[in-house]
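Enquirer: Please find the sequence and the predicted model below.
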Amino acid sequence: MNYMTSPEHLTEALARANQHWLQRHGDKAASEERAPAAFAIAFSRETGTYGAAIAREVGNRLGWPVYDRELLQRIADDLGVHRTLLESVDEKQRDWLSECVWGFFATPDVNETVYFRRLVETLLSLAVHGNCVIVGRGATNIMPRDTTLRVRVVAPLEHRIESVQREHKISVQDATARVENTDQERNRFIRSHFQIDASDAANYDLVVNAACFSTVECADIVIAALERLRSHPISTVTPRALHAAAPV
């Protein structure tokens, strides 16, 4: 099966998937008394903020599964490939030349376009069931807005460099390069597929400064925000404007 699509076709597919989710829940609400919405939490994080650790603390407290690297394994299983094959395109945006070269030597029908399409399908599938925590991968832009708490974890650059240096036991120079390169790759991934700025606070329901709070305290804030959202649900389902594009 050929999964290569044009930007226009991928955008249309994503919009149809989101509309299908909304229609499914709308029909259910019209035919029977609607059960309490199953919420999910989607994290976006700057490098060096321990966003994944915060997400796992939240998941442990709620008893919810946390999908970070696990998403790669799930997609790899669906595609029938080893997870390491997808790691080179995970939250990264390739230029057209490297994409062509990588695609020539890699497994047929497995490239960034295929990965992104399967990523969207997987996230929307998880959204239907809710009660889960997603880390990165553009989930804050894909998961249905009315049942997803969208969290951004940030911290000053100096704090993030120190965190990466301490965690990986590397020099300040290497830590600085790692933070800057990873941030750039993630930001390009979001900008390419959704045409938005990942650092824009308006794209999130909650922004937490990890330099001001511990991991446990950050989890407290996120869970409090979730409870607030659950008790004051959005009354009218408004489709998120999804602007997905295939790699150019």
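Expert: The structure has been received and is ready for your questions.
Enquirer: in this protein, what secondary structure element scores lowest on mean pLDDT?
Expert: Every helix and strand of the chain was ranked by mean pLDDT, DSSP states H and E. The lowest is helix 96-105, at a mean of 40.
Enquirer: what pairs with S44 across the strands?
Expert: Counting by DSSP bridges, S44 is bridged to R152.
Enquirer: That one: neighbouring residues, count only.
Expert: Neighbour count of S44, defined by other C-beta atoms under 10 Å: 25. From N, CA and C alone the C-beta is placed, and that goes for glycine too.
Enquirer: Verify the contact between V208 and A224 for me.
Expert: No - the pair V208 / A224 is not scored as a contact, 11.0 Å apart, by C-beta atoms under 8 Å.
Enquirer: More neighbours: these two, which one.
Expert: Comparing V208 with A224 by other C-beta under 10 Å, the one with more neighbours is V208, at 24 against 11.
Enquirer: Give the helix, strand or coil label for the more buried one.
Expert: Under the three-state scheme (DSSP: H, G, I helix; E, B strand; the rest coil), V208 adopts strand.
Enquirer: Quick one: residues contacting it.
Expert: Applying C-beta atoms under 8 Å, 6 or more residues apart in numbering, we find V208 in contact with I54, V151, R152, V153, V154, C218, I221, V222.
Enquirer: Just the buried subset of the residues you listed, written out for ChimeraX, thanks.
Expert: In ChimeraX, this line selects whichever of the contacts of V208 come out buried by 16 or more other C-beta atoms under 10 Å:
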select :54,151,152,153,154,218,222
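Enquirer: where does the protein dip in pLDDT?
Expert: In the predicted model of the chain, residues 1-37, 72-112, 233-248 satisfy pLDDT under 70.
Enquirer: ok, which stretches of it are helices?
Expert: 7-31, 51-62, 69-79, 83-87, 96-105, 112-129, 139-142, 157-168, 172-194, 215-231 (DSSP state H).
Enquirer: Remind me what the second one packs against, helices and strands.
Expert: Yep, that's helix 51-62 we're talking about. With contacts defined as 3 or more C-beta pairs under 8 Å, 6 or more residues apart in numbering; DSSP states H and E, helix 51-62 has these neighbours: strand 40-45, strand 66-67, strand 133-135, helix 215-231.
Enquirer: can I get the ones you listed in TSV with distance to I170?
Expert: Output for those, formatted as TSV (distance: least, C-beta to C-beta, whole Å):
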stretch	distance to I170
strand 40-45	20
strand 66-67	26
strand 133-135	23
helix 215-231	21
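Enquirer: Would you tell me which of those gets closest to Q184?
Expert: Of all these, strand 40-45 sits nearest to Q184, with 14.5 Å by C-beta to C-beta.
Enquirer: which other residues reach the closest one?
Expert: Contact partners of strand 40-45, identified using C-beta under 8 Å, 6+ apart, comprise 51-52, 54-55, 58, 64, 126-127, 130-136, 139-140, 142-143, 147-154, 198, 203-204, 222, 226.
Enquirer: Thank you kindly, that will do.
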